[in-house]
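Peer 1: pasting a predicted model and its sequence here:
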Amino acid sequence: MKGTPWACMVLVLLVSWNARMSSAAVSSAACKEERRIGINTCKSILYGKPPSPQCCQRIRVTHVECVCPVITPKLAALIDVNRFIKLIEGCGRRFPRHFKCGSITIP
């Protein structure tokens with residue numbers, strides 16, 4: 001989990017499935033901006049800190065379709081999914097069993 005800002009985005013990803021699954025497509029520019037903001041807002045969790053209120057808010061508003069495409073097998077191997085589930089649940093979110101996004105499946 002060390003060293004990659006995309007690990008932070010997994011936190012955003014794992015919660016965002018329930019955030020705004022709208023039928024309207026999100027532009028690639030908007031997705032890129034959402035990922036940039038999410039990385040900057042939630043990067044402290046990479047250093048073992050709990051998510052800030054701002055990070056939790058970002059988790060709640062990020063579009064899942066902006067994050068899932070960047071979760072490759074290589075990135076997924078860097079993620080401690082159970083740790084992120086606990087962090088995200090601390091933000092008040094739950095996961096559907098067996099939810100799949102990119103190369104990660106929630107147990």
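Peer 2: Done, it's in. Numbering: from 1, shown residues only.

Peer 1: now do the helices in this protein.
Peer 2: 5-16, 28-42, 53-61, 64-67, 73-76, 81-89 (DSSP state H).

Peer 1: how far off helix 81-89 does the third one point, in degrees?
Peer 2: Relative orientation of helix 53-61 versus helix 81-89 (axes from the mean of the first three to the mean of the last three C-alpha atoms, to 10 degrees): 100 degrees.

Peer 1: now do helix 53-61: which elements does it pack against?
Peer 2: Under the contact criterion of 3 or more C-beta pairs under 8 Å, 6 or more residues apart in numbering; DSSP states H and E, helix 53-61 touches helix 5-16, helix 28-42. (Glycine included, C-beta is placed from N, CA and C.)

Peer 1: residue 94 - how many residues pack around it?
Peer 2: 10 (other C-beta atoms under 10 Å).

Peer 1: which residues are in contact with residue 55?
Peer 2: Neighbour list for residue 55: 11, 41, 42, 44, 45, 91 [criterion: C-beta atoms under 8 Å, 6 or more residues apart in numbering].

Peer 1: could you identify the most distant pair in the residues you listed?
Peer 2: Longest distance between any two of the contacts of residue 55 is 13.5 Å, between 44 and 91; criterion C-beta to C-beta.
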